[in-house]
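*Asks:* Could you look at this predicted model? Sequence included:
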Amino acid sequence: MVAIKLLGQFSVKVAGAAAEVSARPAQALLAYLALHVNQPLRREKLAALLWPDSGDGGARRSLRQALWQVRKALGPAAASVAAGDLVVTFQPGAGFRLDTAALEAVAGAGAEPATEALLAAVAAYGGELLPGFNDEWVVLERDRLQGVYDWAVRRLLNQLVAARRWEETLQLAERWLAGGATPEPAFRALMLAHAGLGDLAGMAAAYQRCTEAVAHTLGVEPLEPTRRLYDRLKRGEPVGEVAGEAPVEAAPPTNAPAKPAAPVEATAADAPEPGQSPYKGLHYFDEADEALFFGREALVARLATQLRDQPFVAVVGASGSGKSSLVRAGLLPALRRGAALAGGLQPPEGCAHWLMYVMTPTAQPLQALAASLTQSAGSVAATATLLDDLAGEARSLNLYAQRLLAAHTARLPAGAAPRLLLVIDQFEELFTLCRSEEARAAFIDNLLAAVSPVTRGPVSVVVTLRADFYAHCAPYTGLRRLLAEHQEYIGPMSRTDLRRAIEAPAEQGRWVFEPGLVDQMVRAVGDDPGALPLLAHALRETWERRKGRTLTHSGYSAAGGVAGAIAHTAEDVYQHLTLSQQPVARAIFLRLTEVGEGTQGTCRRATLSELAGGAEPAGGVAVVLQRLAEARLVTVNERVVEVAHAALIRAWPALHEWLNEDREGLRQHRHLTVAAQAWEALKREPGELYRGARLAQAMEWAAGHPGQANALETDFLEAAQAEQ
């Protein structure tokens, strides 16, 4: 008889005696075989999974060595590991015991598990799976089993409370809390148990512990169900009347989806039910997506309140922390409504009547600002005039805003005093895309003049800035002071808010999660403030792999999990391109990435003509772009292409390698692209051509990178040579 423990510690017993499996690779192999008992596993899959960083030959040798060590350790039970030429199968026989089996049994029960089955499952959970092992497959399986355990504890607490088994309720809730998390359902169970035992002081102490715990770890107050339960118990209502309020399932917060009463069993035969995805993937949330945007209500209220008291707010955070979505889908709709916000906070007076404009700086920030403010005029001349004014006079933004508001106010009710709100998303583009210091300085000067306390103008400005570009603002004194005094630095979402952001959009379309899957996702995000796009893409890909109306563990694992979903999608799309299309895709991604100087790479926009080298994309480029856009890796809007999110640049190893192969060459190419475009914009003015050392460097780059310069860049170099 073989007994294996994987939860909390690794141990093996054969016929009651301890078996020594000392080598870490052998332990990992035996653990994987035990979790897939009686399943034939291909040798090549095992080798690649357990030794991903070794070559094929090295991985196969390591597998043979580990198999020998496992069979030696099992001794009398060595025959249970059947190792053929192609497959390996672990067949330990009827006496085999695995501590994860009790958990798996209750998760797959279908109906509501019996209390005794749940007690056995919870008792079997001695801790996380294979502590100390950080292989990708272990992390995914660990998170899945942790999620199943959390689900089992929740169901068991509900049953114990309903049965008034107060002592067991106390023990189980304390054990759950001892795991290091701060689940409010555990505190609610403690409150009910203490009250049921007649210990009102203990009930109050449990509520106080809850208040302190969520304030310390999440920075919030207890949820409304917790506060309501405490108020009822404090008033002395009989426990029998409130015990029906199960500590987990009762009264979810407003707009939060209720969890299914039992695990939803989805079989391989379940076809995905049709419907609209509740998740945006890598795309940011915009105003039109407000109905799917959850979890940032308190932060939105704080931002709106700041705009009530000051004309400038900078939203600063790591790449992927959700700055754009927060402002576009959270703040702007809240201001347009003009109603009370989360926590009873009030927005700026009259904000429902404000004029609101959203822009990104692009490579031409003054032109982008002028185009945004004159979009309703429908006149190129109006845009050109404002552009000239902005470039020559720092008060132009403020004066033009007054003119716009004068016309706008005439159409409003008497007494209304609206403002103009300018949202500048991705403010770091001033430094990554704009090459003109003169244009950059003029843009910043207009912003500073518009929000100056001396001017007291009608303009409010909100900017979103990637945290690693904070220092780039330091040379501009006025901007530096504004950032220091009026910023909202975004950190990671609390677990409560993160769960709401995951579950509430699904509830809108009546999609459900398998038990424990949401917990697994929340743990995978952890405290990483830049993981939101990774989560969003994993959610989208998991939904694409749904069974019926259920998002499943298997779908999440197949997508690659939070950490690997983007890279999984990108690599899969790339590998399915033809050999002639792969270099085209590589060139597209390199052109859409700005190589950082002391910062992470950033997204760069490119026109279709730049990617194709002509007025229209060539056939090969067009086909590859379509494939990338269908996979939501790039976006194509108004003949402009960009990477769907900077998270792809961080998460895809292949793109990392391409960028690191020749970073200096990429910088030279990017400078050539900008110079050639400026030359074309000025009707091929000879004065814009390269000369001297700059031309020599560009020609040396072109000789060493044949085929990478597009048609315009080639014309530029040829014209420069001819001019010289």
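*Replies:* Right, received. Where do you want to start?

*Asks:* in which helix or strand would I find residue 308?
*Replies:* For residue 308, the enclosing helix or strand under DSSP states H and E is helix 297-309.

*Asks:* what mean pLDDT does that helix have?
*Replies:* Helix 297-309 comes out with an average pLDDT of 93.

*Asks:* Report the angle between the helix or strand following it and helix 297-309.
*Replies:* Per DSSP H and E, helix 297-309 leads on to strand 312-317 as the next helix or strand towards the C-terminus. Our comparison of strand 312-317 with helix 297-309, counting by axes from the mean of the first three to the mean of the last three Cα atoms, to 10 degrees, yields an angle of 150 degrees.

*Asks:* In its sheet, which strands sit next to strand 312-317, and in what direction?
*Replies:* strand 459-466 (parallel), strand 487-490 (parallel) (DSSP bridges).

*Asks:* which ones are touching the residue positioned nearest the centre of the chain?
*Replies:* Taking Cα atoms, centre = their mean as the criterion, residue 532 is the residue nearest the geometric centre of the chain, at 1.8 Å. With contacts taken as Cβ atoms under 8 Å, 6 or more residues apart in numbering, residue 532 has the following neighbours: 320, 321, 322, 325, 493, 525. Bear in mind the C-beta positions are built from the backbone N, C-alpha and C, glycine included.

*Asks:* Find the residue closest to the first one in space, skipping its chain neighbours.
*Replies:* Okay, so that is residue 320. Using Cβ to Cβ, 6 or more residues apart in numbering and skipping the chain neighbours, the partner closest in space to residue 320 is residue 530 (3.4 Å).

*Asks:* What of the fifth one?
*Replies:* For residue 493, the nearest residue in space outside its immediate sequence neighbours is residue 295; the separation is 5.9 Å by Cβ to Cβ, 6+ apart.

*Asks:* Now for the one you found, how many residues are close by?
*Replies:* Around residue 295 there are 23 other residues, counting by other Cβ atoms under 10 Å.

*Asks:* Same question for the one 4 residues further on.
*Replies:* Counted by other Cβ under 10 Å, the residues lying close to residue 299 total 20.

*Asks:* which ones are touching the nearest residue to residue 366 once chain neighbours are set aside?
*Replies:* The spatial neighbour of residue 366 that comes closest, neighbours along the chain excluded (Cβ to Cβ, 6+ apart), is residue 390 at 4.9 Å. Each residue near residue 390 by Cβ under 8 Å, 6+ apart is listed here: 366, 369, 370, 396, 397, 442, 443, 446.

*Asks:* residue ranges with poor pLDDT in the stretch 401-550 of the chain?
*Replies:* Confidence mapping of the stretch 401-550 of the chain against pLDDT under 70 gives the ranges 415.

*Asks:* can you map out the strands along it?
*Replies:* Listed in chain order, the strands of the stretch 401-550 of the chain (DSSP state E, counting those that start in this stretch) span 420-424, 459-466, 487-490, 512-513, 550-551.

*Asks:* With distance to residue 473 as added columns, please give those in TSV.
*Replies:* Below are the strands of the stretch 401-550 of the chain laid out as TSV (distance: least, Cβ to Cβ, whole Å):
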stretch	distance to residue 473
strand 420-424	12
strand 459-466	8
strand 487-490	11
strand 512-513	42
strand 550-551	41
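
*Asks:* Next, residue 706: phi, psi?
*Replies:* Backbone dihedrals for residue 706, given as degrees, to the nearest 10, come out at phi -60, psi 140.
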